[in-house]
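[1] okay, here's the prediction I keep looking at, along with the sequence it came from:
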Amino acid sequence: MNIRKLLGGGAAVAVAVTMTALTPITAEAKDWRGWNIHVEDYPVSHGMEAFMAEVNEKTDGALAGEVFHAGVLGSQPDAIEQVRLGIIDFGVFSLGPMGQAVPATNVVSLPFIFKSVPQMYDLMDGAGGEALGKALEEKGIVALGYYDAGARSFYNSIKPVNTPDDVVGMKVRVMNNDLFVGMIESMGGNATPMAFAEVYQSIKTGVVDGAENNPPSYESTSHFEVAKYYSLSQHLIIPECLCMSKKTFDALTPEQQEIVRTAGKNSTDLQRKLWQDREAKSMEIVKAGGVEVNEIADKSAFQAAMAPVYESFLADNPDMQELVDLFRNAD
C-alpha cells in the first residue's frame with residue numbers, strides 16, 4: 001500500500017446520479033436512489049436525508065432522489081457492489097464490511113487504531129480519510145464524508161473491565177471477523193461469534209458473559225438489562241462512509257460536483273452532532289437502569305495486548321504497513 005499513491009490528487013468528494021445500470025447517465029438525470037441499513041429515525045438516516053435535501057435545493061431540483069432506509073434495497077455487500085456499478089447512486093456504509101470490496105478500509109477495523117473519537121474525526125477529515133478515499137475511488141466509489149458510528153466498548157454480567165487481565169476467561173460475543181476474534185483472544189478471553197439478535201438471550205442464560213458495542217446499541221437492544229457492567233474501552237472506532245457511485249459522479253457538472261461536496265460535508269457535521277446527542281441520551285438511560293459505567297483513562301495496556309493482532313494482520317497484508325503506520329502513529 002503506497003501512501004503517496006493513495007494521497008496523490010486527493011480523494012474526490014462528490015455524488016452520483018443514475019437511472020439503471022443500462023441507462024446512460026447524464027447530469028440532468030433524476031431519481032437518485034440512496035441505500036441505508038438503519039431505520040428512518042436514526043442519526044445516519046437524518047444525515048442522509050439532509051444531504052439529499054440540500055443537493056435538491058441548491059440545484060433547483062435538477063438533482064433529486066430518495067433515501068431507502070432499513071436495508072430495503074438489499075444487504076450491505078450487495079449494495080456496495082451496486083454503488084460501484086452505478087445501479088444505486090449513494091449510500092452510507094460501515095468501513096468494516098467495506099473491506100471485502102476495498103481492502104485498504106480494513107485498517108480502521110484494527111483495535112485501538114484510533115485513540116479517541118475526536119482523533120478519528122481529525123484523521124478521517126484529513127490524511128487518513130484522503131488515503132482511504134483514494135482507495136475507494138479506485139474501486140468505483142467516491143467518499144463524501146465519514147460519519148460517526150460511535151466507539152465500541154465492553155459490557156458483561158460479571159465485573160468491570162479495567163485491564164486486559166479482566167478479560168481473561170471471559171466469554172465475549174464478537175462480530176464474525178478474524179480481527180475481532182483475535183482481539184479477544186489476545187487478552188485471554190474466549191471470543192464467541194454469533195448473530196447480534198442472539199446476544200440478549202445468550203447473556204441472560206450464560207452462554208456468553210458479555211459483548212461489545214456502542215452506547216446506542218447497548219441501550220436500544222436492552223442488553224444493559226442483563227449486562228450491568230459497561231467499561232468504556234473504546235477499542236473499536238469504525239466510521240461509516242457517505243459514499244457515491246463514481247460512474248454517476250463523473251456525469252455531474254463541475255458546479256453540481258461542488259454543491260455535492262458541500263452537502264456531503266454539511267451532512268457529516270450534522271450526523272456527528274446527532275450521534276453525539278444520541279449517545280448521551282443512551283448513557284443517561286443505562287445509568288438510570290442501574291448500569292455501572294467505568295472509564296478507562298489509560299488504555300496503553302490494552303493497546304500493547306493487541307500486538308499479535310497487528311502482527312498477524314501485517315503478515316497477511318504486508319502492503320498495508322505504510323497505511324497502518326499513517327493511522328497508528330497519528331497524534
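    Yep, it's here.

[2] how is the chain carved up into domains?
    Domains of the chain are assigned by automatic domain parsing as 3-148+238-281, 152-236+285-318.

[3] just checking, what packs against the longest helix belonging to the chain?
    Taking DSSP state H as the criterion, the chain has its longest helix at helix 254-288. Where contact means 3 or more C-beta pairs under 8 Å, 6 or more residues apart in numbering; DSSP states H and E, helix 254-288 is packed against helix 43-58, strand 141-147, helix 215-220, strand 240-245, strand 292-295. For the C-beta atoms, the positions are set from N, CA and C on the backbone; glycine is no exception.

[4] now the third one: buried residues?
    Using 16 or more other C-beta atoms under 10 Å as the burial criterion, the residues of helix 215-220 that qualify are Pro215, Pro216, Ser217, Tyr218, Glu219.

[5] what would the helices and strands packed on helix 254-288 look like in JSON lines with distance to Val324 and mean pLDDT?
    Output for these, formatted as JSON lines (distance: least, C-beta to C-beta, whole Å; pLDDT from 0 to 100):
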{"stretch": "helix 43-58", "distance to Val324": "27", "mean pLDDT": "97"}
{"stretch": "strand 141-147", "distance to Val324": "18", "mean pLDDT": "98"}
{"stretch": "helix 215-220", "distance to Val324": "27", "mean pLDDT": "94"}
{"stretch": "strand 240-245", "distance to Val324": "19", "mean pLDDT": "98"}
{"stretch": "strand 292-295", "distance to Val324": "27", "mean pLDDT": "97"}
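
[6] tell me which of those approaches Ala280 most closely.
    Distance to Ala280, taken as C-beta to C-beta, is lowest for helix 215-220 among the helices and strands packed on helix 254-288, at 8.4 Å.

[7] tell me which helix or strand comes right after the closest one.
    With elements assigned by DSSP states H and E, the helix or strand that comes after helix 215-220 is strand 229-236.

[8] I'd assumed Val172 was in contact with Met187.
    No: between Met187 and Val172 there is no contact under C-beta atoms under 8 Å: 9.0 Å.

[9] circling back to that earlier point, in the longest helix of the chain, what's buried?
    Residues 256-257, 259-261, 263-265, 267-268, 270-272, 274-275, 278-279, 282-283, 285-286 are the ones in helix 254-288 that count as buried (16+ other C-beta under 10 Å).

[10] stretch 128-145 now?
    By neighbour count with 16+ other C-beta under 10 Å, stretch 128-145 contains the buried residues 128-137, 139-145.

[11] distance from the chain centre to it, please.
    Distance of stretch 128-145 from the chain centroid (C-alpha atoms, centre = their mean, to the nearest Å) equals 14 Å.

[12] go on, stretch 277-284?
    Centroid separation for stretch 277-284 versus its chain: 18 Å, with C-alpha atoms, centre = their mean.

[13] what are the phi and psi values for the closest residue to Gln234 other than its chain neighbours?
    Ranked by C-beta to C-beta, 6 or more residues apart in numbering and with sequence neighbours excluded, the top spatial neighbour of Gln234 is Ala151, at 3.8 Å. For Ala151, the backbone dihedrals (degrees, to the nearest 10) come out as phi -110, psi 130.
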